[in-house]
Every structure is written in C-alpha cells, then in structure tokens.
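Engineer: I would like the atomic coordinates for the input below:
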Amino acid sequence: MQIEQFYDKGLAHASYAIVSQGQMALVDPARDPKPYYDFAKANNAEIVAVFETHPHADFVSSHAEIARTTGAIIYVSSLLGADYEHNAFDDGDEVKLGSLTLKALFTPGHSPDSISILLLDADGNQHAVFTGDSLFIGDVGRPDLREKAGNMQAKREELAKQMYATTNQVFKKLEKEVLVYPAHGAGSLCGKNLSPETFSTIGKQLKENYALQDMSEQQFVDTLLEDQPFIPKYFGYNVGINKAGAADFEESVQAVPRLDRDTQLQNDVLVVDTRPQAQYKIGHLPNSINIQEGGKFETWLGSIVGPEEQFYLLAENQEVLESVIRKSAKIGYEQNIKGALLAPALLPDTSEQTDLEDFKADSDRYTIVDVRNNGEVKGGKIFDKAIHIPLPELRERKNEVPQDKPVMVHCAAGYRSAAGQSILEAYLDVPVYDLSDAITSFAQAAH
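Structural biologist: Okay, the predicted model is just below:
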C-alpha cells in the first residue's frame, strides 16, 4: 500500500493517490492531471478509479479528463447529480483496489452530497479516511456554500445540523488510529480554523478539534456558523463546472489567445494587471485592476472578478504570463480571458504616490478605507474612523466611499490595498493612496 499526498499551496488543496498491486486510485484531483500521470508511471501503476468527495467550490477538478484519458471509473455520491459518466458511490458501498477496500461514508454538512472514503487494509482493518471538505485538521467544512449552487441546495443551518450528525455518528466512531487525510489545509476558505498540518489521526482530532468536542446540537450550529470567512465570487461557478466535468486542462490553457503586447485592447473590457505594485503604480492601462502574481493569485482573481466577466490578463514577462494563465485555469477562469499579453510600452495611467509623513502628521485629512475581511476587522480596527469595505465587495460598493477628502486604502500587509487603490482610483475624483506595507507599523501601535 502506498498513499501519496499532492499539495497545492496556492489553494491550500490536498489530493491523493492510493496504490496497491499496480492499481491506483485518485481522490479529489486538481485541475492539472499531469502530476498524477507522472506518479502512476513512476510507480508502474494504472489509474483505475477517481473519487470525488463532493462537487468542489474552490477549484476545478480533473476527474472527467482523467476518466476520458485513462478509462478510470469516477465514483461519486448519487446525490451529486453528476452530468458525466460515473458509478454511484453511496454510504456502505465498497470498491476493491488491489488488496485494499475503499468504503463510502455519507458525511454531509459541508455539502448535502459529501462522502468520505474509508480505506481498509488487506485484513479489513481501518487504516485511513479521506474526508474531503467534511473533516479538516482542526476544523470541519463550512456549511454555507450550497444555498444557491449544486444539484442539491440547502440552507446553512440545515447543513450545520447535518455536520453535527456526521461528526457524532461517523467520525467519532472511527478507530482512533485511523489517519485523517482532508482536501484542504490552512489558508483555504472552505473552513475557518484549519491547521497548517496536512494530516492527522482521529484520536488526535478528538482531543484537539473544536468541532469534535462534546456539545449540544444548537451549540455546535452556533459555533460553526460564527465567523466563517467570505465567499469568493467563483465558488458557485466551480460547483457547476465540477458537476458537469471540466474540459481538458492543457487544451484549455493553450486556447487562451496570446496577444502582441501592443495590441489595441477593447476599452470596455477589464484588464487584470499581475505586475508587482511598484511597477503598476508607475504606469498602467485604464480600466485595470492590480491583482499581483503571488501565492494566492487565483483566490483573489476569483474573489474580485466575477465568473461572468471577460478580462485581459497582463504580466511583466512570458514566464509569469504562462503562470497566471494556468492559475486562472485552476478556478475555471481561463475561458474568461479575452487575451493574455505582456505589459505594453505605453502605460498612460499612474497611481498617486503616498506621502507617509503627511498621513502620519494628520490622518484625519484622509478618508481611510479598510479592505480587510470581516473577521480581521472584528479582531480590531487599526484606525477608528476607517470605513470598512472588504476587498471582494469593493467594486460593487465603491460609491460608499465619500469624495470630500483624499482616500487612503489599507489592508493587513499591502497586497490587498494595492488592488483596492487600483479599483478606487479609476472611479473616484479625489486622489487615492495606498498605505501598502507601512500598515504594519500602525497595526503594532494600535495593539
């Protein structure tokens, strides 16, 4: 038996390969199937099965492509209502993989169609459980993503109650030595308290995971629903893509139009400029937003730009351009890219340069806009008079920003405020400044 975890830090997503006697199964594969093909080849294994624990909201899965390419069978809950060819894999169902047995556990709560996969060894002993977004290390899956998406829709309170039943009737009854392999780690927006650890045991989670402690159903529901992070714009869109089965990854990536850097762009189409903020501020195109290439690019792209919007994708060099195209495809946004290009020679617009000493001398002369998330602001404002508009909502709520004074945008470290400045400066008639990473000194002083 061999279990391999593949971890994508950008989306904090974990997928798995299980190998036994030359047969290989995958659990919750990422959009790019190549790492799994390479692993199968290196281990002289044949991919015969792909398990989807539920239709994921935060990334596009390659399950349909892998099945088309390898002939592997896709196993999903019949409740998912999958549009692709598959075998139903419902509570108690078993699939043989070499000397191993993979058994379906119905574990609703994050979604109404969630399953976990219990791995039994050659002797029938419980060895590991692949929990998808049901049980995380330190947390359970948020219950508020399926009110408007998927084959089955459910209210958050209803799903929270289902999660209570799942924790008590399924996970708490597994052997304490069972290894826990979730689909996400710290940084994912599919939960609120995920550990940086990427695997654990049931026994350890019974001791350390707040959601597995003894409490009443109502206490559990109230605790679980409290302080969940924001829901990116792309989440419901990805549920739909995964229910239908996505197009082939490389084919989709190569289909994105690569444009000459001096191509005349349509004025009414958004430009997503991925260059470092210092370059962007010196010169950029009109109608552009600065979403910098970085560890969470795909999350912020899908949080700021809606799945129905077309956009141009702009980068500082060819290597970065190809990287951000592939990252866009991880959330199904490659088909929204009207064209990808390098930064042109003529960049007519500039951003205001912040006079930090002036701001320190009299911050009351500015309207301060805090673009941090609700949970961060709940932990304490850095400037008492700041207007709070989370970055994912800023484009829709920009008219709430007064125009009687210059505007200063801040976040927690400088990445989001650069995007916030680029959004507001195209709309407001007053100067818009970015406090950038100088915010850290103000935050220390505030606390």
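
Engineer: so who does the residue nearest the centre of the chain touch?
Structural biologist: Taking Cα atoms, centre = their mean, the centroid of the chain lies closest to Asp58, which sits 4.0 Å from it. Going by Cβ atoms under 8 Å, 6 or more residues apart in numbering, Asp58 touches Leu11, His13, His184, Ser188, Leu189, Cys190, Pro232, Phe235, Asn238, Thr299, Ile331. Yep, even glycine has a C-beta here, placed from its N, CA and C like the rest.

Engineer: That one is in what secondary structure piece?
Structural biologist: Element membership for Asp58 (DSSP states H and E) is empty, with no helix or strand holding it.

Engineer: For it, give its distance to Lys161.
Structural biologist: Using Cβ to Cβ, to the nearest Å, Asp58 is found at 23 Å from Lys161.

Engineer: Please apply the same query to Gln266.
Structural biologist: For Gln266 relative to Lys161 (Cβ to Cβ), the value is 49 Å.

Engineer: Any regions of this protein where pLDDT drops low?
Structural biologist: Within the chain, the segments meeting pLDDT under 70 span 147-154, 445-447.

Engineer: What residue in it is the furthest from its centre?
Structural biologist: Furthest out from the centre of the chain (Cα atoms, centre = their mean) sits Ala361, at 39.6 Å.

Engineer: ok, now which ones touch it?
Structural biologist: Ala361 neighbours (Cβ under 8 Å, 6+ apart): none.

Engineer: Distance of Asp113 relative to Asp91?
Structural biologist: 12 Å.

Engineer: same question, Ala443
Structural biologist: 48 Å.

Engineer: Strands along the stretch 251-400 of the chain, start to end?
Structural biologist: 270-273, 288-290, 311-315, 337-342, 367-370, 387-388 (DSSP state E, counting those that start in this stretch).

Engineer: Verify the contact between His388 and Val377 for me.
Structural biologist: Yes: between His388 and Val377 there is a contact at 5.2 Å, judged by Cβ atoms under 8 Å.

Engineer: what sits in contact with each of those two?
Structural biologist: With Cβ under 8 Å, 6+ apart as the test, His388 and Val377 both reach Asp370.

Engineer: C-alpha coordinates for stretch 410-429, PDB please?
Structural biologist: C-alpha atoms of stretch 410-429 as PDB (Å, rounded to 0.1, in the frame of the first residue of the first chain):
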ATOM      1  CA  HIS A 410      -5.100  49.800   3.800                       C
ATOM      2  CA  CYS A 411      -5.300  46.100   4.400                       C
ATOM      3  CA  ALA A 412      -3.100  44.000   6.800                       C
ATOM      4  CA  ALA A 413       0.200  43.800   4.800                       C
ATOM      5  CA  GLY A 414      -0.100  45.600   1.500                       C
ATOM      6  CA  TYR A 415      -1.200  43.100  -1.200                       C
ATOM      7  CA  ARG A 416      -4.900  43.800  -1.000                       C
ATOM      8  CA  SER A 417      -4.600  47.600  -0.600                       C
ATOM      9  CA  ALA A 418      -2.700  47.700  -3.900                       C
ATOM     10  CA  ALA A 419      -5.700  46.100  -5.500                       C
ATOM     11  CA  GLY A 420      -8.000  48.400  -3.600                       C
ATOM     12  CA  GLN A 421      -6.200  51.500  -4.700                       C
ATOM     13  CA  SER A 422      -6.400  50.400  -8.400                       C
ATOM     14  CA  ILE A 423     -10.200  49.800  -8.100                       C
ATOM     15  CA  LEU A 424     -11.000  53.100  -6.400                       C
ATOM     16  CA  GLU A 425      -8.700  55.400  -8.400                       C
ATOM     17  CA  ALA A 426     -10.500  54.600 -11.600                       C
ATOM     18  CA  TYR A 427     -13.800  55.700 -10.100                       C
ATOM     19  CA  LEU A 428     -13.200  58.500  -7.600                       C
ATOM     20  CA  ASP A 429     -12.500  62.100  -8.500                       C
END
